[in-house]
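In: Predicted model, plus sequence, below.
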Amino acid sequence: VVSFKWETLTKTIRLIGLIKHSLMFKKGVLLSLLRPKWLKQKKVKIMKVKLFVFSDVHGQHEALQASLREAGYNPNDKTHRLLSIGDNFDRGRQSLQVYKMLQNRNAICVKGNHETFLEEALEKGVDGEFVLFNFLRNGLDKTIQSFARFDFPSIVDPKTIDNAIREINCNFPDMLKWLK
């Protein structure tokens, strides 16, 4: 977790070689270099914020909470904002808690490959091109277990995985939209 407090910092974040975001931090205020119309209006008051930036949580909610506490994050302080730069899910068993925290605290989230894995699973089930591979090799099984509140047996058939994915879609109808 990194906390930004510099006077002026311009940084280009390049993600997956395709997406470029140019951000400027000035006196703790996050401004986009390509400012939206609403920000150009003179009556808009810009609140100074302290950003807490993190990535690669991989379903480790307790570790994230401890890191945020250590960095001085206060969830009740409206000037404290969370910025996740991807890979919030998979591998750890607390993906549901990570999701709820990011959603409840209105965090700014950039999609990582593990969010893409979950998105594909929710959209296509086991018919997705890489869903079974990610289930077996990249920790997607832990994420599905966390959200479906279901422990898979040692030998899992695709029908069981699809049923768990359907349960997630049913219990979290806004999740796919949030992932996109």
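Out: In hand now; what should we look at? Residues are numbered from 1 along each chain as shown.

In: Need the single longest helix in the protein, by residues.
Out: When the chain is scanned for its longest helix (criterion: DSSP state H), the result is helix 158-171.

In: Return the helix or strand in the protein with minimum mean pLDDT.
Out: strand 8-15 (a mean of 32; mean pLDDT, DSSP states H and E).

In: Can you show me the helices along this structure?
Out: 37-40, 61-71, 95-104, 113-124, 131-137, 140-148, 158-171, 175-179.

In: Dump those into CSV; add distance to residue 88 and mean pLDDT as well.
Out: Where you see a C-beta, it was placed from the backbone N, CA and C, and this is true even at glycine. Formatted as CSV, the helices of the chain follow (distance: least, CB to CB, whole Å; pLDDT from 0 to 100):
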stretch, distance to residue 88, mean pLDDT
helix 37-40, 27, 53
helix 61-71, 9, 95
helix 95-104, 5, 95
helix 113-124, 7, 96
helix 131-137, 15, 93
helix 140-148, 9, 95
helix 158-171, 15, 95
helix 175-179, 10, 93
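
In: Turn those into TSV, columns for mean neighbour count and distance to residue 84.
Out: Listed next are these as TSV, based on neighbours: other CB atoms under 10 Å; distance: least, CB to CB, whole Å:
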stretch	mean neighbour count	distance to residue 84
helix 37-40	8	22
helix 61-71	15	9
helix 95-104	19	6
helix 113-124	19	9
helix 131-137	17	19
helix 140-148	22	15
helix 158-171	16	20
helix 175-179	14	12
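
In: got CSV for those, with distance to residue 51 too?
Out: Below are the helices of the chain laid out as CSV (distance: least, CB to CB, whole Å):
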stretch, distance to residue 51
helix 37-40, 17
helix 61-71, 10
helix 95-104, 14
helix 113-124, 20
helix 131-137, 30
helix 140-148, 26
helix 158-171, 30
helix 175-179, 20
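
In: Quick one: closest of those to residue 53.
Out: Ranking those by proximity to residue 53 (CB to CB) places helix 61-71 first, at 9.5 Å.

In: Next, the angle helix 95-104 makes with the closest one.
Out: 40 degrees (axes from the mean of the first three to the mean of the last three CA atoms, to 10 degrees).

In: Counting by contacts, list what helix 61-71 packs against.
Out: Applying 3 or more CB pairs under 8 Å, 6 or more residues apart in numbering; DSSP states H and E, we find helix 61-71 packed against strand 50-54, helix 95-104.
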